[in-house]
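Novice: What follows is a predicted structure for the sequence shown.
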Amino acid sequence: MNLMTHLPVLIVVVPLLSAALCVLFNNRKSAWLITLLASFFCFYASINLIQIVQEVDVIIYSVGGWEAPLGIELRIDALNALMLLVLSGSAVLVSIYALKSVEKEIPVQNQVLFYTALLLVKAGLIGICVTGDAFNIFVFLEISSISTYALISLGHDRRALHASYQYLIMGTIGATFILIGIGFMYVMTGTLNIQDLSQRLPVVADTSAIRAAFAFLTIGVGIKAAMLPLHQWLPNAYAYSPSVVSTFLAATATKVAIYVLIRFQLSLFGIEFSLLQMPFNKILMILGTIGILGGSVSAIYQSNVKRMLAYSSVAQIGYILLAIGLASEPGFTAALLHIFNHALMKGTLFMALGLIAFRFASTELSVMSGIGKTMPLTMAAFLIGGLSLIGVPGTAGFISKWYLVTALLDASLWPLALVILIASVLTLIYIGRVIEVAYFQPAPEGITQQKVPKSMLVALWIFALSNIYFGLYSDISLGISSLAVNQLMGVTP
Amino acid sequence: MNEILGHFNYGIVILLMMMGLYIVIASSNLIKKLIGISVFQVSVFILYITFGKITGGNPPIIVDNVDVYSNPLPHVLILTAIVVGVATTSVGLALIVRIREAYGSTDEDDINDIDKNDNFYLKNRSTT
């Protein structure tokens, strides 16, 4: 029981210390084992936290016993618990998958450090999702980002280096903007605690300092979340990074940035101020719509499948932003559901590509001809992920699209509902291209059945099957999402 | 006059911030870009440090007969941010070293050119 009360802090501390342990052991097998154990611990902790949150609504933990306004407080409500589940769930699967993939793709002398950086990214992202302190968000964001730059640069293509550098420049500008925004808020209110800020901000809300803070925070987080005009870093960073990294980033990193956006917009500034008074809802809807269409169309023209999926991520982030822009209860529910479901489908797709890269050392569409016969299990999982991305009934993608379209129709915005349908057709086109090449073109001569490591296949199929499971039984994801929305709307009446 | 002097720091902050961002956008040299980022970050540090100063405030050490202290919290926050800034710069420099090893150049235009030709080469190779 004693351990249970400290879960909110342990879920950050364990991966952070494990990262140090990895370096101390300096052995790649034990580094992998430590990563796996730490991930399992986080998963166990997040499941426990979700159960506690469903009973008591909000878990508040004062670090070091210092109470809130003076000390740093960890605060976990349903939204945080949902994010923790997404993060730690994908972390477990990625860790299982990592053993063979890292052995193949990363130079031997870098493997221990690779696991260390991976654990640091995990710790940083989880830290963002548990903390109740605005400045802490900045620090954890930078912990995760700096490790991410290192991880991306480990891709075997030299373009990974340049992609990583571009992300470093964009990411640092974004993080510094967030820092400026937090500074303005601190000056106006004298506090950094999010709960405290949300009570003190309305008093000073009608000043240019707060409006500037709002603008800086939004643009800073927008860069991290790859909101449409700020998405330039994403395609290259995902396309050239090692498979393990692209899987983990695609499933979690941008989602965490969107979590920060939701936290700032809704809990901190309040729906009234941020979405209605600042007309940010209209901006979000316009950017979201352009993101959906632009991302999908760009995806069609890519010859590298990994890059194609990266553009598709830009489009999927558009869905989430559009749903937030609705500023209504069904809209927020759709946004949170899509955060959860998108992690499942992009996890599946990138993992499947990782297996293809494991065999052919390339993710170009041209190497994939006939792959449906030579790597049947991998491609079947890719197919499930693809169907989920399109939004075929019975998959997770259908659930979130259904809620999004319903929310749009509720707000009588049927042209936007039409956009969603058009985007689904576009998704069908780019996923269809891969399927066509993989199943209906003959394999090049001499290439027969390809063997792939069991551990990678297991991780891939858990991801793929969870797409179907959460498509058929959406009680869990929907339950937590609507609880989170109720809390968000309740905090800011 | 006091008004202008009181805002001197903020003027410097804006100047440095714009200079930094301009270097990042305008320069194609990777190292210069990184210098721009550093200048940009430092401007924000100065902004925070200026926030903390209270007119007539003493250093925040408890002494007799003093009851106006400057606010130490922004300074502590900025200590953390400086560490983050140093880490970012060093990772960036390490990346530039490796880019230089891989491409033989630290100029973004050159690198983009090399990548373009590279793409062409890769496409040709995959068809043969």
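Specialist: Nice, I can see it. Numbers count the residues shown, from 1 in each chain, chains lettered A, B, ... in the order given.
Novice: Now do the nearest residue in space to residue A:434 that is not next to it in sequence against residue A:352, distance only.
Specialist: Counting by Cβ to Cβ, 6 or more residues apart in numbering or on different chains, the nearest residue to residue A:434 once its immediate chain neighbours are dropped is residue A:305, at 5.9 Å. Any C-beta I mention is one placed from the backbone N, CA and C, and that applies to glycine too. Residue A:305 sits 10 Å away from residue A:352, taking Cβ to Cβ, to the nearest Å as the criterion.
Novice: Those two: who's more crowded?
Specialist: Relative neighbour count places residue A:352 above the other of residue A:305 and residue A:352, with 32 against 29, counting by other Cβ atoms under 10 Å in any protein chain shown.
Novice: Nearest spatial neighbour of that one, chain-adjacent residues omitted?
Specialist: Counting by Cβ to Cβ, 6+ apart, the residue nearest residue A:352 is residue A:382, at 3.9 Å.
Novice: how many neighbours does the residue in the stretch 1-150 of chain A positioned nearest to chain B have?
Specialist: Going by Cβ to the nearest Cβ, chain B is nearest to residue A:142 of the stretch 1-150 of chain A, at 4.5 Å. Look at residue A:142: counted by other Cβ under 10 Å, it has 24 neighbours.
Novice: Doesn't it belong to a helix?
Specialist: Yes: counting by DSSP: H, G, I helix; E, B strand; the rest coil, residue A:142 is found in a helix.
Novice: measure the residue most central in space within chain B to chain A for me?
Specialist: The residue lying closest to the centre of chain B (Cα atoms, centre = their mean) is residue B:38, at 2.5 Å. Distance, residue B:38 to chain A, by Cβ to the nearest Cβ, to the nearest Å: 9 Å.
Novice: Let me know the pLDDT of that residue.
Specialist: On pLDDT, residue B:38 comes in at 94.
Novice: for the one 3 residues further on, same thing?
Specialist: As predicted, residue B:41 sits at a pLDDT of 93.
Novice: That one: helix or strand, and which one exactly?
Specialist: helix B:30-52 (DSSP states H and E).
Novice: quick one on the thing from earlier: neighbours of the residue nearest to residue A:352, just the number please.
Specialist: 29.
Novice: can you confirm it is in a helix?
Specialist: Yes: assessed with three-state DSSP, residue A:382 lies in a helix.
Novice: Would you check that it makes contact with residue A:354?
Specialist: No: using Cβ atoms under 8 Å, residue A:382 is not in contact with residue A:354, being 10.8 Å away.
Novice: which element is the residue of chain B found nearest chain A on?
Specialist: Nearest residue of chain B to chain A, counting by Cβ to the nearest Cβ: residue B:102, 4.0 Å away. Under the criterion DSSP H and E, the helix or strand holding residue B:102 is helix B:73-103.
Novice: mind listing what's buried in that helix?
Specialist: By neighbour count on 16 or more other Cβ atoms under 10 Å in any protein chain shown, the buried set for helix B:73-103 is B:73-75, B:77-78, B:81, B:84-85, B:87-89, B:91-92, B:95-96, B:98-99, B:102-103.
Novice: ok, now stretch A:407-414?
Specialist: Buried-residue list, stretch A:407-414, by 16+ other Cβ under 10 Å: A:407, A:408, A:411, A:413.
Novice: Give me every residue in chain B that's in contact range of chain A.
Specialist: B:21, B:24, B:30, B:33-34, B:37, B:40-41, B:44, B:47-48, B:51, B:73-74, B:77, B:80-81, B:84, B:87-88, B:91-92, B:95-96, B:98-99, B:102-103, B:111, B:115, B:118, B:122, B:126-127 (Cβ under 8 Å from any Cβ of the partner chain).
Novice: Which of the residues in the host helix or strand of residue A:217 are classified as buried?
Specialist: Using DSSP H and E, residue A:217 sits in helix A:208-225. If you call a residue buried by 16+ other Cβ under 10 Å, then helix A:208-225 has these buried ones: A:210, A:213-225.
Novice: Also stretch A:269-285?
Specialist: A:269, A:270, A:271, A:273, A:274, A:275, A:278, A:280, A:281, A:284, A:285.
Novice: From those, which land in helices?
Specialist: A:271, A:280, A:281, A:284, A:285 (DSSP state H).
Novice: Distance check, the residue in the stretch 251-400 of chain A positioned nearest to chain B against residue A:489.
Specialist: Closest to chain B within the stretch 251-400 of chain A is residue A:366: 5.1 Å, counting by Cβ to the nearest Cβ. Distance, residue A:366 to residue A:489, using Cβ to Cβ: 50 Å.
Novice: What of residue A:187?
Specialist: As judged by Cβ to Cβ, residue A:187 and residue A:489 stand 29 Å apart.
Novice: the more surrounded of those two?
Specialist: residue A:187 (19 against 14).
Novice: Run through the residues that contact that one.
Specialist: A:209, B:51 (Cβ atoms under 8 Å, 6 or more residues apart in numbering or on different chains).
Novice: Could you count how many residues lie near residue 11?
Specialist: Using chain A here. Residue A:11: 29 neighbours (other Cβ under 10 Å).
Novice: my bad, chain B
Specialist: Neighbours of residue B:11 using other Cβ under 10 Å come to 10.
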